[in-house]
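Q: how does the following fold in three dimensions:
(2 chains)
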Amino acid sequence: MLTVTLLEAHLERCGSARHLLQIHAQFVASGLLADAFAASRLLRFTADTSLLPLPLPFHHSLRLLRLVHRPNAFSCNTVLRAARDHGLPHLCLPLYASMPALPDEYTYPILITACATRGAVDEGRQVHCHAVRHGFECNLYLANALMSMYSACGCLGDARKVFDAGPMWDTVSWNTILAAYVQAGDVAQAVEMFTQMPKRTAAAVSSMLALFGRRGMVDEARKLFDRAEYKNVFTWTAMISCFQRNGMFTEAFSLFSGMRGEGWPVDEVAMVSVVAACARVEITQNGYMCHGLAAKAGLDSRVNVQNALIHMYSSFLDVVAARRLFDTGHCLDHFSWNSMIAGYLKNGCFKDAKELFGAMPDKDNVSWTTMISGCVQNDQSSEALSVFNSMLAQGIKPNEVTLVSIISACTNMSSLEQGKLIHEYIRKHQYNITVVLGTSLIDMYMKCGCLESALEVFDRMEQRGTPCWNAVIVGLAMNGLVTKSLDMFSEMELSSTATPNEITFTGVLSACRHAGLVEEGQRFFKLMQHKYHILPNIRHYGCMVDLLGRAGYVREAEDLIKSMPMSPDVPAWGALLGSCWKHGDSEVGERVGRELVNLDPHHDGFHTMLSNIYASEGMWQCVKDLRGSMKQRHVSKIPGFSVVESSL
DNA sequence: TTAGGGTTAG
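A: Residues are numbered from 1 along each chain as shown, chains lettered A, B, ... in the order given. All right, here's what the predicted structure looks like:
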């Protein structure tokens, strides 16, 4: 005779689906199903994902519930929870509608979370009404679930209404409403909520750290972390991840070491974050150490850790190690495939990438985008276009990154025709022209010499960040519209949404060089340093040297080269040499020429220029010596040389 | 029953 106690004992020993089915059969045969309590014990077992590594299919729970003679709210809730947790949240409401028992206080939070996972806010509102009607309005768990549901569905106002209506909330309520503002990225409200909280729990601190991390507010995060009263693994991980996503990889790693030093256990998420940080540092040692640690902690079989490691080894230019991980992983997901494909592309293994991409079972838009941008990076822009067309043919919707990549393919090919087609696609599907997307369109039109379209894109943009101003200023300069380019710079200075940066000055300086505007160039060169505190880079110097040299200020150009904090590159020397030649300054020219010929012994152009300078001074022997080290012998074109050559 | 940390594509 099977009793509830015996049943429980059986269930505890149960290790396989087959065994569970046997118990199930005995259970039905013994008539214990009439006992709602006993039935609920079995139901709990069949429905709970955490109890067994082999959760039974949901229909078992449902069938079992139908067999129970007089099910109570508990048994129904168990099945509702099973539906929610087995990826069938859409079955919850129909099940609720035909529920054979009266719902209790546990029922509504389950239904609300089911709606939240589906993003079904309208149904959530209906459930909210039902719960109120059944008198659960002031239930803490319901209120918390409601806040979380409304915030997940983007209805922050409704979440706040629930919070404000409540009499006395617990820490979970505070954390939930805080998390709502964090998810919405509302720093001001989140900070206010955080300061008002009666207790700043580790959960609340973690939320705030995540928000600061996403917004690049590393100093605020660090201050909060250092002063936090309560910390746990989540808090440490949030801080590590904050460093990681803001490019402070060394800090991320040392904080991870600190966490271990304090004896905190390392879990999957912390591992993923720190491996991601190691991937971005050229020193590979920390990365290998993390891999070893992950293996020791048994975390290396987790697919997320494997993915982070695949990415890490790809960054270390070790595709073989990455591929080994990929081949040994037993539950690969989209991340694994996409990371491996990206790894091949990053390492120039274009063929392997294509092969793996072809073999990938169901490609998502990241897979397609990875492949498209990889083609562009590997100088296969026309291939990028054909991949893009197959993507559309498969009915996959490109996202902003895809579009930026494909536009840059058009830019590379200077293909106005294809670029226009993509632009048409963007218009037709009403994509929001963000700063990034707009900038790439402006770049494309500028490169293709289609200034009107470029300016039209710019004029129509709602948000105008620094990059799109730069694209316009640089593009106009590139196309020789110097005055217009400089006018745009003045406009940009007045704009509140953009600030000139390094690239902006590259644009205006090259515009000045184009038009030989020495004074304007000098003004910009000072402006960037004194007003905007930008240190000129090697290109800025090169531009100024060229500008001064061309205008005949050869000595000033030489002084500028000498004042450079970095060693001048070939274009800078070349510009100076060119101006020496043009303006007949053989003294400087000789010095510079020798420098250049040493720096780039295979550049015949420099040899020719130097030869000309020697020739103008009648230093024919030097011309002859130089000739010996040249490949193309252009030296014979130097006026007068053929006459004297035989006498040397 | 309810809250909190992470990875890939540009």
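Q: look up how far DNA strand B lies from residue A:237.
A: Remark: distance between residue A:237 and DNA strand B (Cβ to the nearest atom of the strand, to the nearest Å) = 4 Å. C-betas here are computed from N, CA, C, even on glycine.
Q: try residue A:575
A: Applying Cβ to the nearest atom of the strand, the value for residue A:575 to DNA strand B is 31 Å.
Q: count of residues packed around residue A:183?
A: Neighbour count of residue A:183, defined by other Cβ atoms under 10 Å: 18.
Q: what helix or strand does it sit in?
A: Assigned by DSSP states H and E, residue A:183 belongs to helix A:171-184.
Q: next SSE downstream of that helix?
A: helix A:187-196.
Q: pull the number of nearby residues for the closest residue in space to residue A:197 that isn't next to it in sequence.
A: What sits nearest to residue A:197 in space, not counting adjacent residues and going by Cβ to Cβ, 6 or more residues apart in numbering, is residue A:174, at 4.9 Å. By the criterion of other Cβ under 10 Å, residue A:174 has 22 neighbours.
Q: what's residue A:174 in contact with, if anything?
A: Residues near residue A:174 by Cβ atoms under 8 Å, 6 or more residues apart in numbering: A:193, A:197, A:198, A:199, A:204.
Q: of the residues you listed, which pair is most distant in space?
A: Using Cβ to Cβ, the contacts of residue A:174 span at most 12.8 Å, a distance reached by A:193 and A:199.
Q: of the two, which one has the most company?
A: Shown here are residue A:193 and residue A:199; by other Cβ under 10 Å, residue A:193 has more neighbours (23 against 11).
Q: the closest residue to that one other than its chain neighbours: neighbouring residues, count only.
A: Once flanking residues are discounted, residue A:193 sits nearest to residue A:178: 4.9 Å by Cβ to Cβ, 6+ apart. When neighbours are counted by other Cβ under 10 Å, residue A:178 registers 26.
Q: the helix holding residue A:183: which residues count as buried?
A: Going by neighbour count (16 or more other Cβ atoms under 10 Å), the buried part of helix A:171-184 is A:172, A:173, A:174, A:175, A:176, A:177, A:178, A:179, A:180, A:181, A:182, A:183.
Q: for the residue of chain A found nearest DNA strand B, which non-adjacent residue is spatially closest?
A: Using Cβ to the nearest atom of the strand, residue A:304 is the residue of chain A that sits closest to DNA strand B, at 2.6 Å. Excluding its sequence neighbours, the residue lying closest to residue A:304 (Cβ to Cβ, 6+ apart) is residue A:272, at 5.2 Å.
Q: residues in the stretch 51-200 of chain A within reach of DNA strand B, list them.
A: Taking Cβ under 7 Å from any atom of the strand as the criterion, the stretch 51-200 of chain A approaches DNA strand B at residues A:105-106, A:109-110, A:113, A:116, A:140-141, A:144-145, A:148, A:170-173, A:175-176, A:179, A:182-183.
Q: identify the residues contacting residue A:552.
A: Applying Cβ under 8 Å, 6+ apart to residue A:552 gives the contacts A:579, A:583.
Q: one more time with 10 Å, if that's ok
A: A:518, A:579, A:582, A:583, A:584, A:585 (Cβ atoms under 10 Å, 6 or more residues apart in numbering).
Q: same check on residue A:360?
A: Under the criterion of Cβ under 10 Å, 6+ apart, the neighbours of residue A:360 are A:332, A:334, A:336, A:337, A:338, A:340, A:341, A:367, A:368, A:371.
Q: can you count the residues close to residue A:140?
A: Counted with other Cβ under 10 Å, the neighbours of residue A:140 add up to 16.
Q: and the pLDDT for it?
A: Residue A:140 carries a pLDDT value of 90.
Q: for residue A:108, see how far away it is.
A: 12 Å (Cβ to Cβ, to the nearest Å).
Q: same check on residue A:450?
A: Taking Cβ to Cβ as the measure, residue A:450 falls 59 Å from residue A:108.
Q: between the two, who's got more neighbours?
A: Neighbours were counted for residue A:450 and for residue A:108 using other Cβ under 10 Å; residue A:108 has more, 24 against 17.
Q: in CSV, could you pull the C-alpha coordinates for stretch A:396-412?
A: Taking Å, rounded to 0.1, in the frame of the first residue of the first chain, the C-alpha atoms of stretch A:396-412 are listed here in CSV:
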residue,chain,number,x,y,z
ILE,A,396,16.5,38.2,-41.6
LYS,A,397,16.1,41.9,-40.7
PRO,A,398,19.3,43.8,-40.6
ASN,A,399,20.0,45.9,-37.6
GLU,A,400,21.9,49.2,-37.3
VAL,A,401,25.3,47.4,-37.2
THR,A,402,24.5,45.4,-40.3
LEU,A,403,23.6,48.6,-42.1
VAL,A,404,26.7,50.5,-41.0
SER,A,405,28.8,47.6,-42.2
ILE,A,406,27.2,47.3,-45.6
ILE,A,407,27.3,51.1,-46.1
SER,A,408,31.0,51.0,-45.4
ALA,A,409,31.3,48.3,-48.0
CYS,A,410,29.7,50.7,-50.5
THR,A,411,32.1,53.4,-49.3
ASN,A,412,35.1,51.2,-49.9
